[in-house]
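K.L.:
Below are the sequence and a predicted model for it; my questions follow.
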Amino acid sequence: MITAEGLVKRYGAKTAVNDISFTVRPGQVTGFLGPNGAGKSTTMRMIVGLDRPSAGGVTVNGKPYAAHRAPLHEVGALLDAKAVHTGRSAYNHLLAMAATHGIGASRVREVIELTGLESVARKRVGGFSLGMGQRLGIAAAMLGDPATLILDEPVNGLDPEGVLWVRQFVRHLASEGRTIFLSSHLMSEMALTADHLIVLGRGEIIADAPVADIIAGGTRARVLVRSPHASQLAELLAAPEIAVIRSEAGVLEVTGLPASGIGDLAAQHGLAIHELTPLSASLEEAYMALTSDAVEYRTEAVR
């Protein structure tokens, strides 16, 4: 379990993390989201003792990271896949890490097999692709068979097979009762992987809830309507609380009225309906709505 209480980090006049408190619980995958500059990486670095909090504190499995006598057995972390000696082979890199905790070579071979690195284990890390570097980082995080895993952008650079593997891997670890805390910019992947989300914006928590609740709270339900009488139906639907978008001829996208209400209205006026489909909201839509006022680095829309 990871517990942060009143966590603050300042760099001179800039406050990167502003008095945040949260709990990452075992047995589920907790996603960590936020725009660039929101304070995610700083928070993760404070969890594993790489940055000292300006105020507040954070514990992992009941203790500050530095207080654990054998941290690799408690916490596995992937924060920077490039933080390796590029002249070493993957095997020797992992062997050197394992030696710091008295972990044997058999465990090194296990994590190499677990992460699909067998074919490149004896090659220098400096020649690795981005995806192979990510796999090595995950292998290093798993060396001590930790109860808690912290992964910053673990699918960065992975091909579709690798992305699927990470998703299944972290969900399996969570099913074993481990604490899984991961960040990603891929909303579609986070929607499939995470059970719970913590969303950060400008150094503050703007959401801390199950994925389904965040999607439901951040978006409005929409209904796709296909009808030969789309124009007439759009006129009947006109109301301050109802939004109607005409995406193509004979097709409407309606927000603010459920499918049953649209169907009843059409029936009352004798209008044929060929399709009436509730549209599922996406995590990306909910995330964009949540963070619209918390984006520090904004770009102009392409026209």
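P.N.:
Here it is on my side, so go on.

K.L.:
going forward, measure contacts between C-alpha atoms and count neighbours the same way
P.N.:
OK.

K.L.:
Let me know the secondary structure of the most far-flung residue of the chain relative to its centre.
P.N.:
Farthest-out residue of the chain from its mean C-alpha position, per Cα atoms, centre = their mean: Gly270, at 47.0 Å. Each residue gets one of three states, and Gly270 gets coil by DSSP: H, G, I helix; E, B strand; the rest coil.

K.L.:
Roughly how far does it sit from Asp264?
P.N.:
10 Å (Cα to Cα, to the nearest Å).

K.L.:
for Gly76, same thing?
P.N.:
Taking Cα to Cα, one finds Gly76 at 56 Å from Asp264.

K.L.:
tell me the domain boundaries of this protein?
P.N.:
2-209, 220-280 (automatic domain parsing).

K.L.:
so Ser41 is in which element?
P.N.:
helix 40-47 (DSSP states H and E).

K.L.:
meant to ask about Thr59, not that
P.N.:
Per DSSP H and E: strand 55-60 holds Thr59.

K.L.:
What helices and strands are in contact with that strand?
P.N.:
strand 2-11, helix 40-47 (3 or more Cα pairs under 8 Å, 6 or more residues apart in numbering; DSSP states H and E).

K.L.:
What lies in contact with the longest one?
P.N.:
Put plainly, it is strand 2-11. The contact list for strand 2-11 (Cα atoms under 8 Å, 6 or more residues apart in numbering) reads 15-25, 42, 52-62, 179.

K.L.:
Which among those count as buried?
P.N.:
16-21, 23-25, 42, 52-53, 56-61, 179 (16 or more other Cα atoms under 10 Å).

K.L.:
most tightly surrounded among the helices and strands packed on strand 55-60?
P.N.:
Each of the helices and strands packed on strand 55-60 was assessed for mean neighbour count using mean count of other Cα atoms under 10 Å. The highest is helix 40-47, with a mean of 21.

K.L.:
Which other helices and strands does it contact?
P.N.:
Using 3+ Cα pairs under 8 Å, 6+ apart: helix 40-47 touches strand 14-24, strand 55-60, strand 148-152.

K.L.:
who touches the last one?
P.N.:
It stands for strand 148-152. 1, 26, 41, 44, 60-61, 74-80, 138, 141-142, 178-184.
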